[in-house]
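Student: Sequence isn't available, so here's the structure alone:
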């Protein structure tokens, strides 16, 4: 049996097992515990078959087996001791393999749910498992579409039948042969797959008529974990874009970039709604609908990349079948939950759904949901606008990054303001005197920090301001000041809550400050993790203001003469050498021709760093004369100096693009803090017997 037949047989067996599981659970109904148990066991069969299929494709990459067309077109050209990692990344590097990898991760989540439901027979859990298996069946069916099938055999003419050597230069895109390809897509797919779990349990709760908090309790930790992994994936993608793509930034509002952030935004609302549902029994309809909307936005990302409806550098070949398949799944998923909510509407009503006072914890959670939903919907609409008919607003138009920035900046700042106030607000609002007692010290600390950050704006950011010709200067600077001041309060409030909580616990228990703080971190993990996450968002906000609103670009031309130099923004860039190297394949290189412009970066007459930006001519793209770049960075606490080498001009001069990004490192620092806080909040607690 050839690899193609074997792989497709495994996918077929997984599909049969998924159907059988759904049928068994449905046949079990209310009283058929044994049938539901069979459905759970069959879910492990789905996991087993998809695992074998994924291993089969991985082995084909690791052994460079050219029998599969997908391996031919997505194998890396790197060699050496680490080449196996890049070969393994080929599994998820392309259209077909990424779908298989996504289904495999989904099968792991379904297997975990089956394990939990088999321990204690439960109709809600079994029904949720059936919905997950239906989602799996959808992904399995998608892989039988020709363009999505990872087990298509290699057609004649691509491989020499006598020697087995490749007759084509087709291979993985050189830009993907980096560390980011190993880590970035898997984390995204884990996040995507995990967000199917709250959707499945929302549907299950509506089907069985159980609108208690049980479905939320089961799925909330998985939701936070999946949202966390999705955030890590987005962050890693941003780092990759900043270092490898050399366009001078880390977020370009590309349609596929937008598709990844949509479920992250609505996921924020879902997590907060789950908190209200679990603790107060409120926001029930919100939680059901946000579970469905988040799942639909997950599917929208695949819809964009596979349907061809929107042009993107990340998108795959247009496929009408995938267009209708994913569109049907999106519309169907949203419709099922909406109809279920309408049918169960009376059961979903709660005295804690509304709020009497805007200045209350319920009010802040409500605005959190509204802001995230509006932001995600607007970004989705703008992303899909080129595919809409011309009679619709923005229909047929390609929306440029400045339009997204004009939307994202005020909404983002307002959201951080709402987020900042939430921890000190009381359920129901409470009286103003108690609110002032809780808010007094954070306001004082935030005012001090805000003033310091305004000083950063004046002395660090403002010197790099460059009018873009579209945004009025006064509005640009108003948003910048509002952003840094808001960040001051966002950082001060959780910091004070930690200080105050630690001080009070140490006094009440007679323990040391260190012990009290350790108890708060380890025992009150959900609350502490939330505080740390909020603090990280404040740090990110400062970094975003500086690194996106105050960027300045210089074109530096360096003659190939020792000592030739040019100055910009107080820095001097001096030519040292132009190195040409041919990476040796036998020594683990790619065979690429690499030009390195060795540049001495100095300030105030003192050398700061020897920078080595590169431009490379990949061997596999020699016929197209395509190049890739690797930037050099001079990283300082309050700014990055970004150097991109674009080649040698006709006069023999080296051409450097130099960009100054104020506060760039604060973006990465805030990202790390946010991930640590989310991870702490997600960490499961030991359940009481």
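Tutor: Right, received. Where do you want to start? Predicted model only: the values in this text are computed from it and were never measured.

Student: Residue 649 contacts residue 655, correct?
Tutor: Yes. If you go by CB atoms under 8 Å, residue 649 and residue 655 touch, sitting 5.9 Å apart. Where C-beta positions appear, they are placed from N, C-alpha and C, glycine not excepted.

Student: Which of those two has more residues huddled nearby?
Tutor: Shown here are residue 649 and residue 655; by other CB atoms under 10 Å, residue 655 has more neighbours (16 against 10).

Student: is it true that the more buried one lies in a helix?
Tutor: No. Under the criterion used here (DSSP: H, G, I helix; E, B strand; the rest coil), residue 655 is strand, not part of a helix.

Student: Leaving out sequence neighbours, find the closest residue to it.
Tutor: residue 646 (4.9 Å; CB to CB, 6 or more residues apart in numbering).

Student: joint contacts of residue 649 and residue 655?
Tutor: residue 557 (CB atoms under 8 Å, 6 or more residues apart in numbering).

Student: ok, back up a step: tell me who's in contact with the residue nearest to residue 655.
Tutor: Counting by CB under 8 Å, 6+ apart, residue 646 touches 615, 629, 655-657.

Student: nearest to residue 460, of those residues?
Tutor: Nearest to residue 460 among the contacts of residue 646: residue 657, at 21.6 Å, using CB to CB.

Student: Look up which residues are beta-bridged to that closest one.
Tutor: On the basis of DSSP bridges, residue 657 is bridged to residue 555, residue 644.

Student: Run a quick check on it versus residue 643, I expect a contact.
Tutor: Yes. Taking CB under 8 Å as the definition, residue 657 is a contact partner of residue 643 at 7.5 Å.

Student: Between these two, which has more neighbouring residues?
Tutor: Set side by side, residue 657 and residue 643 show more neighbours around residue 643, with 23 against 19, by other CB under 10 Å.

Student: care to break this protein down by domain?
Tutor: The record assigns the chain these domain ranges, following automatic domain parsing: 1-177, 405-550, 552-666.

Student: ok, back up a step: any chance you could read off phi and psi for the residue nearest to residue 655?
Tutor: Taking degrees, to the nearest 10, you get phi -100, psi 0 for the backbone angles of residue 646.

Student: For it, give me the pLDDT.
Tutor: For residue 646, the model assigns a pLDDT of 86.

Student: Could you say which helix or strand holds residue 376?
Tutor: Here residue 376 sits within helix 361-384, counting by DSSP states H and E.

Student: May I ask you to confirm that residue 390 belongs to a helix?
Tutor: No. Assessed with three-state DSSP, residue 390 is coil; it does not lie in a helix.

Student: check contacts around it.
Tutor: Shown in contact with residue 390 (CB under 8 Å, 6+ apart): residue 396.

Student: thinking again about what came up before, tell me the most buried of the domains of the chain?
Tutor: Greatest average neighbour count among the domains of the chain goes to domain 1-177 (a mean of 19), per mean count of other CB atoms under 10 Å.

Student: What is the end-to-end distance of it?
Tutor: Taking CA to CA, to the nearest Å, domain 1-177 runs 32 Å from one end to the other.

Student: cool, and stretch 392-403?
Tutor: First-to-last residue span, stretch 392-403, CA to CA: 17 Å.

Student: What are the buried residues along that stretch?
Tutor: Within stretch 392-403, the residues scored as buried using 16 or more other CB atoms under 10 Å are 399, 403.

Student: Where does the spatially closest residue to residue 164 that is not a sequence neighbour sit: helix, strand or coil?
Tutor: Computed as CB to CB, 6+ apart, the closest residue to residue 164 that is not its neighbour in sequence is residue 66, at 6.7 Å. Using three-state DSSP, the structure places residue 66 in coil.

Student: cool, residue 358 as well?
Tutor: Assigned with three-state DSSP, residue 358 falls in the coil class.

Student: Count the neighbours of it for me.
Tutor: Using other CB under 10 Å, residue 358 is surrounded by 12 other residues.

Student: That one: what's it in contact with?
Tutor: Contacts of residue 358 (CB under 8 Å, 6+ apart): none.

Student: go on, residue 190?
Tutor: Taking CB under 8 Å, 6+ apart, we find residue 190 in contact with 105, 226, 229-230, 233.

Student: Kindly report the same for residue 3.
Tutor: Residues near residue 3 by CB under 8 Å, 6+ apart: 56, 60, 65, 67-68, 151, 153.

Student: Next, it: phi, psi?
Tutor: Dihedral angles for residue 3 - degrees, to the nearest 10 - are phi -60, psi -40.

Student: I'm done for today, thanks for sticking with me.
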